[in-house]
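Peer 1: Sharing a model that was predicted from the sequence below.
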Amino acid sequence: MSESTLRQRAQPTVTLDAALVILAGARTEAQSRGRALAMVVVDPGGNVVASQRMDGAQLVAMELATDKAYTAVACGEPTELWGECT
């Protein structure tokens with residue numbers, strides 16, 4: 001087994017229970033702001049662990065949320081930081 005493979009396996013992961021807690025918090029926050037959103041939690045490899053689309057969220061919201069979560073992992077930083085660079 002290569003050193004790279006061992007390092008990947010040693011990375012912390014996101015459990016389903018943790019992902020569901022994150023989604024519940026995100027949903028509560030969205031509701032408090034009067035928003036209907038889609039939310040996705042991914043693991044360190046960019047794989048979806050859990051997702052949800054709130055009633056009333058746009059149909060494209062799920063795909064956008066998935067792409068945004070994957071991009072954040074692939075680039076190693078939250079996508080919200082990208083706005084600071086422009």
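Peer 2: That came through, no problem.

Peer 1: can you pull out the helices in the chain?
Peer 2: Along the chain, counting by DSSP state H, helices occupy 3-10, 16-32, 61-75.

Peer 1: so how far is the longest one from its chain's centroid?
Peer 2: It stands for helix 16-32. From the chain centre to the centre of helix 16-32 is a distance of 11 Å (CA atoms, centre = their mean, to the nearest Å).

Peer 1: Buried deepest among the helices of the chain, which one?
Peer 2: Neighbour counts (mean count of other CB atoms under 10 Å) averaged over each of these peak at helix 61-75, with a mean of 15. Where C-beta positions appear, they are placed from N, C-alpha and C, glycine not excepted.

Peer 1: other SSEs contacting that helix?
Peer 2: strand 38-42, strand 48-53 (3 or more CB pairs under 8 Å, 6 or more residues apart in numbering; DSSP states H and E).

Peer 1: Give the pairing partners of the shortest one; include direction for each.
Peer 2: Same thing as strand 38-42. Using DSSP bridges, the strands paired with strand 38-42 are strand 48-53 (antiparallel).

Peer 1: Tell me the buried residues in the partner strand?
Peer 2: 49-53 (16 or more other CB atoms under 10 Å).

Peer 1: Show me what that strand is in contact with.
Peer 2: With contact meaning CB atoms under 8 Å, 6 or more residues apart in numbering, strand 48-53 is reached by 14-16, 19-20, 22-23, 27, 37-43, 61-62, 65-66, 69.

Peer 1: again, only this time at 6 Å
Peer 2: Strand 48-53 is contacted from outside by 14, 19-20, 23, 38-43, 61-62, using CB atoms under 6 Å, 6 or more residues apart in numbering.

Peer 1: tell me the mean pLDDT over it?
Peer 2: The average of the pLDDT scores along strand 48-53 is 97.

Peer 1: Equivalent analysis for stretch 79-86, please.
Peer 2: Averaging pLDDT residue by residue across stretch 79-86 gives 70.

Peer 1: again with stretch 34-42
Peer 2: Across stretch 34-42, pLDDT averages out at 97.
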